[in-house]
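got a sequence here, can you build the structure:
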Amino acid sequence: MMERDVVSIRHFKTQMNESGRYMGREFDPPIIKTDLPDNDPRLKLLRNIINLESVVFYSSPAVRCSQTLETFKDKLGLFRAYVHYDERFLETDFGEAVGLTAREIKRKVSRDCLCLES
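Residues are numbered from 1 along each chain as shown. Modelled structure (predicted):
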């Protein structure tokens, strides 16, 4: 059996990330920018640790994840590399916190707790 390295890369930023909002599964925004400089340390790391001849990518089907993956594939010259999109990598469902910032969530929870105490 061939030994494999597993590397995890977080998607590039979205408008919701920039604003500090929780996306959950309800939102699927695109990434803000798709350019990746040739001297990006993640590219250097990947070139040094993965076997570019037999790489397989696993990704969430979320737009931001597939856009990030395609950017890395292009920069690494892996145009025909196999990509397996798996829904198990989708964002956690944040319920009522979706679309809110941490501050808004804290305010909401505090308000709800006060109502429970009354």
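
what's the residue nearest to Gly99 when sequence neighbours are not counted sitting at in phi/psi?
Once flanking residues are discounted, Gly99 sits nearest to Arg21: 5.7 Å by C-beta to C-beta, 6 or more residues apart in numbering. All C-beta atoms are positioned from the backbone trio N, CA, C, and that covers glycine. Main-chain torsions, Arg21, degrees, to the nearest 10: phi -90, psi 140.

so who does Arg21 touch?
Arg21 makes contacts with Gly99, Leu100, Thr101, as judged by C-beta atoms under 8 Å, 6 or more residues apart in numbering.

what segments of this structure are strands?
56-59, 82-85 (DSSP state E).

distance from the chain centre to the last one, please.
On the basis of C-alpha atoms, centre = their mean, to the nearest Å, the separation between the geometric centre of strand 82-85 and that of its chain is 15 Å.

pLDDT averaged over it, what's the number?
For strand 82-85, mean pLDDT is 92.

again, but for stretch 60-79
For stretch 60-79, the mean per-residue pLDDT is 93.

now for Glu96, how many residues are close by?
11 (other C-beta atoms under 10 Å).

now do it, the pLDDT please.
So Glu96 comes in at 87 (pLDDT).

isn't it right next to Arg111, touching?
No. Applying C-beta atoms under 8 Å as the test, Glu96 and Arg111 come out as separate, 11.9 Å apart.

what's across from the residue nearest to Gly99 in the sheet?
Applying DSSP bridges to Arg21 gives these bridge partners: Thr101.

separation between Lys33 and Val55?
With distances taken as C-beta to C-beta, to the nearest Å, Lys33 is found 24 Å from Val55.

more neighbours: which of the two?
Neighbour totals were compared for Lys33 and Val55, and Val55 leads with 17 against 10 (other C-beta under 10 Å).
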